[in-house]
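Asker: have a look at this prediction, sequence included:
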Amino acid sequence: MKIAYRQFQPSAPVAPYVQYFWTLGDEGELPEGGYFIHKCLPLGTAEIVFHLTDQPKSFKQADKWVELPGAYLVGVWTEKATVKIPRGALSFGISIHPDALTRIFGTPIGELWNDCLDGQLVFGKGFGALATRIREAADDRERVRIAEAWLLSCLNRQAAQSDYVSEAARRLRHSGGTLSVDVLSSEVFIGRRQLERSFKEFIGVSPKMFSRLARFSRAYSLVDHNPNASWAAISFDCGYADQAHFIRDFKAFTGKAPRAFFTDEACLATLPRLAALQ
């Protein structure tokens, strides 16, 4: 069985805030009443998700299946998330840098660590009208256009000036998670403890964890696109202390060691190819 997955790159004005747009859903191979288990990897982004069909979707939380709202915000995850996708279900999403939510909406998401929340509770009543427009759009390109116009209109209402949390998160992404917290705090001219407190408030994780997510995202992308590369080479390229540290982090974020993960057809069938953090 397969799921249909597509990515759409953001336009230049939106690119500093959005990793990519995506659609995900049943490709028509599920039996009547069937469902697909999709595993989402923690790659350091937040997600704004819109269901385009009426079939209820749910995710696993504390060993229980919890039904998802029709449109919702997902915070930063530090472990793989398991989502149940029923026959005929289709979703549209925005993979957005978590610090951008503060830049665009003035919304810290620290409390959404490994969790999600109905979008209207975060973005207000107008979010419901946006969800309807996206759902009724003629195609995915129009959905991207509507989403980008919404993001830019919200950004225009904010003071869009860079702050030290956004700048620190940007530097961690661009370094692939290789900057130490001490170096990072000196580069953004803020004390280490204050930086750690602010990261947890606005992003939901510490700078050290955000670095691990950025490094893992880069490593996953390199392995995914270079299946013959050695684990030692991947470890070196991504700034891990050694191969053992790479394997430990990979297992922590996916539940499997890399060799087992990339030879497990069940894992590969549920994971779309994702780009590294930019």
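Answerer: On my side now, so go ahead.

Asker: from here on, contacts and neighbour counts on C-alpha atoms
Answerer: Will do.

Asker: contacts only, for the residue most central in space within the chain.
Answerer: Nearest to the mean C-alpha position of the chain, counting by CA atoms, centre = their mean, stands Thr45 at 3.2 Å. Counting by CA atoms under 8 Å, 6 or more residues apart in numbering, Thr45 touches 19, 75-76, 95-98.

Asker: distance-wise, check it relative to Ala219.
Answerer: Plainly put, Thr45 is 16 Å away from Ala219 if you go by CA to CA, to the nearest Å.

Asker: same question, Pro69
Answerer: Taking CA to CA, one finds Pro69 at 32 Å from Ala219.

Asker: the more surrounded of those two?
Answerer: Set Pro69 next to Ala219 and count neighbours by other CA atoms under 10 Å: Ala219 wins out with 23 against 18.

Asker: can you name the farthest residue from the center of the protein?
Answerer: Glu32 (30.2 Å).

Asker: so which elements touch the helix or strand hosting Val66?
Answerer: Per DSSP states H and E, Val66 falls inside strand 64-67. In terms of contacts (3 or more CA pairs under 8 Å, 6 or more residues apart in numbering; DSSP states H and E), strand 64-67 is packed against strand 58-61.

Asker: what lines up beside the strand it packs on in the sheet?
Answerer: strand 64-67 (antiparallel), strand 81-86 (antiparallel) (DSSP bridges).

Asker: that one: how far from the chain's middle?
Answerer: With CA atoms, centre = their mean, to the nearest Å as the basis, strand 58-61 stands 16 Å off its chain's centre.

Asker: give me the low-pLDDT residue ranges for the chain?
Answerer: Applying pLDDT under 70 to the chain picks out residues 1-2, 27-28, 156-162, 264-278.

Asker: helices of this structure, residue ranges please.
Answerer: 98-105, 119-123, 126-136, 140-156, 164-175, 181-187, 192-202, 207-225, 231-237, 243-254, 258-262, 265-270 (DSSP state H).

Asker: out of those, which is closest to Gly25?
Answerer: Gly25 lies closest to helix 265-270 among the helices of the chain, at 11.1 Å (CA to CA).

Asker: Leu68 against Ser58, yeah?
Answerer: Yes: using CA atoms under 8 Å, Leu68 is in contact with Ser58, at 5.0 Å.

Asker: re the thing from before, and of the helices of the chain, who's closest to His38?
Answerer: helix 265-270 (5.1 Å).

Asker: residues contacting the nearest residue to Lys251 once chain neighbours are set aside?
Answerer: Distances taken as CA to CA, 6 or more residues apart in numbering put Ala257 closest to Lys251, at 4.7 Å, once the chain neighbours are dropped. Listed by CA under 8 Å, 6+ apart, the contact partners of Ala257 are 247-248, 250-251.

Asker: can you pick the most crowded of those residues?
Answerer: Busiest of those [other CA under 10 Å] is Phe250, holding 21 neighbours.

Asker: who's in contact with that one?
Answerer: Contact analysis of Phe250 by CA under 8 Å, 6+ apart lists 216, 256-258.

Asker: picking that back up, now the residue nearest to the centre of the chain: closest residue in space that isn't a chain neighbour?
Answerer: His97 (5.0 Å).

Asker: same thing with Asp99?
Answerer: Ser166 (5.2 Å).

Asker: still on that earlier bit, can I get the helices of the chain in TSV with distance to Lys80?
Answerer: Shown next, in TSV, are the helices of the chain (distance: least, CA to CA, whole Å):
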stretch	distance to Lys80
helix 98-105	17
helix 119-123	22
helix 126-136	26
helix 140-156	26
helix 164-175	20
helix 181-187	25
helix 192-202	19
helix 207-225	12
helix 231-237	21
helix 243-254	6
helix 258-262	13
helix 265-270	11
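
Asker: do you know which of the ones you listed lies nearest Ala81?
Answerer: helix 243-254 (9.3 Å).

Asker: and the angle from the closest one to helix 207-225?
Answerer: 90 degrees (axes from the mean of the first three to the mean of the last three CA atoms, to 10 degrees).

Asker: dump helix 243-254 to PDB, restricted to CA.
Answerer: Only the C-alpha atoms of helix 243-254 are listed here, as PDB (Å, rounded to 0.1, in the frame of the first residue of the first chain):
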ATOM      1  CA  GLN A 243      29.600   7.000  14.500                       C
ATOM      2  CA  ALA A 244      28.200   5.800  17.800                       C
ATOM      3  CA  HIS A 245      26.700   9.200  18.500                       C
ATOM      4  CA  PHE A 246      25.100   9.300  15.100                       C
ATOM      5  CA  ILE A 247      23.500   5.900  15.600                       C
ATOM      6  CA  ARG A 248      22.300   6.800  19.100                       C
ATOM      7  CA  ASP A 249      20.600   9.900  17.900                       C
ATOM      8  CA  PHE A 250      19.100   8.200  14.900                       C
ATOM      9  CA  LYS A 251      17.600   5.500  17.100                       C
ATOM     10  CA  ALA A 252      16.300   8.100  19.600                       C
ATOM     11  CA  PHE A 253      14.400   9.900  16.900                       C
ATOM     12  CA  THR A 254      13.200   7.000  14.800                       C
END
